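K.L.:
With the sequence up front, the predicted model follows.
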Amino acid sequence: MPRLKFDPQALYDAIDAQRRERGMTWKELANELRVSTSTIKGMTKRQWGIELDGVMGMTRWLSRTVESFAGGEGGPSKSGVLTKSGRYTRFDTKALYAAVDEERQRRGMTWQQVALEVWPSGPWGPNQLKRLADGGRADVYSALAICGWLNRTILSFTHETMF
């Protein structure tokens with residue numbers, strides 16, 4: 001998979017256009033997505049730290065993938081915010097860690113070598129990769145870089161959960 005660069009402005013523009021087309025206020029949109037208005041509007045101003053689960057909810061609402069806002073495809077998209085079971089799709093950081101560690105071991109690499117391949121010009125390193133084992137939230141930029149290194153999609157590391 002080619003190295004992808006997330007474009008928060010393109011996502012914001014698509015969200016805003018769809019919001020206006022549906023006649024929704026920002027508050028109604030935020031409630032439907034379960035993402036704060038400040039998160040949606042603020043993502044264009046952030047260089048790092050854009051939370052992936054929120055981005056996944058926005059792209060899913062648009063029936064697109066995260067990768068489609070980063071110059072890629074990302075495979076088939078899932079539509080809507082809620083799944084048919086009434087659950088939300090969340091990124092599985094622990095599963096990503098397991099896949100990275102498996103590939104690292106298969107290739108006989110150190111964590112430092114993996115970090116240099118995933119982020120050749122920084123800003124992250126081996127500690128950020130190892131912290132994936134703890135689970136928790138992921139950043140859209142780092143997830144795209146790691147998934148690209150694995151030649152996998154964001155959706156391949158998701159699971160359904162109650163909100």
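P.N.:
Alright, I've got the coordinates.
K.L.:
When you work out contacts or count neighbours from here on, use the C-alpha atoms and nothing else.
P.N.:
OK.
K.L.:
Could you list the domains of the chain?
P.N.:
Here the domain parsing of the chain from automatic domain parsing is 8-80, 91-161.
K.L.:
Columns mean neighbour count and mean pLDDT on top of the ones you listed, output as CSV?
P.N.:
CSV is the format used below for the domains of the chain (neighbours: other Cα atoms under 10 Å; pLDDT from 0 to 100):
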stretch, mean neighbour count, mean pLDDT
domain 8-80, 17, 85
domain 91-161, 16, 91
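K.L.:
does the residue sitting furthest away from the middle of the chain sit in a helix, a strand or a coil?
P.N.:
Within the chain, the residue lying farthest from the chain centre (Cα atoms, centre = their mean) is residue 108, at 27.4 Å. Following DSSP: H, G, I helix; E, B strand; the rest coil, residue 108 is assigned to coil.
K.L.:
and it, backbone torsions?
P.N.:
Torsion angles at residue 108 (phi, psi; degrees, to the nearest 10) stand at phi 60, psi 40.
K.L.:
now residue 110: how far from residue 143?
P.N.:
Noted for residue 110: a distance of 19 Å to residue 143, by Cα to Cα, to the nearest Å.
K.L.:
I misspoke; the intended subject was residue 134.
P.N.:
To residue 143, residue 134 is 15 Å away according to Cα to Cα.
K.L.:
Over to residue 118?
P.N.:
According to Cα to Cα, residue 118 and residue 143 sit 10 Å apart.
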